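A.B. asks: Make a model of this:
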Amino acid sequence: MDHLVTHGTFSLDGGSWEVDNNVWIVGDGAEVVVVDPAHDASAVFAAVSGRRVSAILLSHGHDDHIRAVAEFQELTGAPVHLHPRDQMLWQTVYPAAALPLALADGDVFALGTGSSQLAVLHTPGHSPGSCCFYSAELGAVFTGDTLFQHGPGATGRSYSDFPTIIESIRDTLFSLPPDTVVYPGHGDSTTIGGEIPQLADWIARGR
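C.D. replies: Here you go, the predicted structure:
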């Protein structure tokens, strides 16, 4: 697995913020999938290092995660996958482009040429179509903006909902093994077991 951090902006509801995004490249020496190739398509393409990109997986449709996707797809020829409930966010950035291929809960993507896989977990709340990508073989889950170290993703903007994100985290992500490593869309990694004890405090604070 390769990781890089890219820098750009996130814009929604009339505001714009500077953000650093995590980009995750998962596979082997021949073939990879790329999770959220944000901001800088050329930098992500360089990190791929000549390997075949079998899929571009989008955790959700916010513009910081998808604005560089069209360019990255041109560089790689890889198919783009997004949950259909985030189509309205995609069309805000790409009003004339074709919609990505639809992600669905339970879809599975091969990681490289071996037996490892990523399974799609639909985890709405941060956005209606937010998804996480879980690999039992790697003991890893790529959570986009659903779960960070020390808290859930933001729910104070359009199309988001705090009770829904808490339900997604409690019922879906917290059912994973406690030692599963959480690789989020922003910030540092954590583990499922490290976040479970904080659930009651998140709910009390209404984060």
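A.B. asks: next one: phi and psi at the nearest residue to Q117 once chain neighbours are set aside?
C.D. replies: Computed as Cβ to Cβ, 6 or more residues apart in numbering, the closest residue to Q117 that is not its neighbour in sequence is V108, at 5.0 Å. No exception for glycine: its C-beta is placed from N, CA and C like everyone else's. Torsion angles at V108 (phi, psi; degrees, to the nearest 10) stand at phi -130, psi 140.
A.B. asks: ok, V108 to V120 distance?
C.D. replies: 7 Å (Cβ to Cβ, to the nearest Å).
A.B. asks: swap in D86?
C.D. replies: Relative to V120, and taking Cβ to Cβ, D86 is found at 13 Å.
A.B. asks: One more: A46?
C.D. replies: A46 sits 27 Å away from V120, going by Cβ to Cβ.
A.B. asks: could you pull out the helices for this structure?
C.D. replies: For the chain, the helices defined by DSSP state H occupy 41-48, 63-66, 69-76, 87-93, 162-171, 192-195, 199-205.
A.B. asks: Verify the stated contact: S168 with S127.
C.D. replies: No. Counting by Cβ atoms under 8 Å, S168 stays clear of S127, with 11.0 Å between them.
A.B. asks: who's more crowded, these two?
C.D. replies: Higher neighbour count among S168 and S127: S127, with 31 against 26, using other Cβ atoms under 10 Å.
A.B. asks: ok, back up a step: of the helices of the chain, which is nearest T113?
C.D. replies: Nearest to T113 among the helices of the chain is helix 41-48 (15.2 Å), distances taken as Cβ to Cβ.
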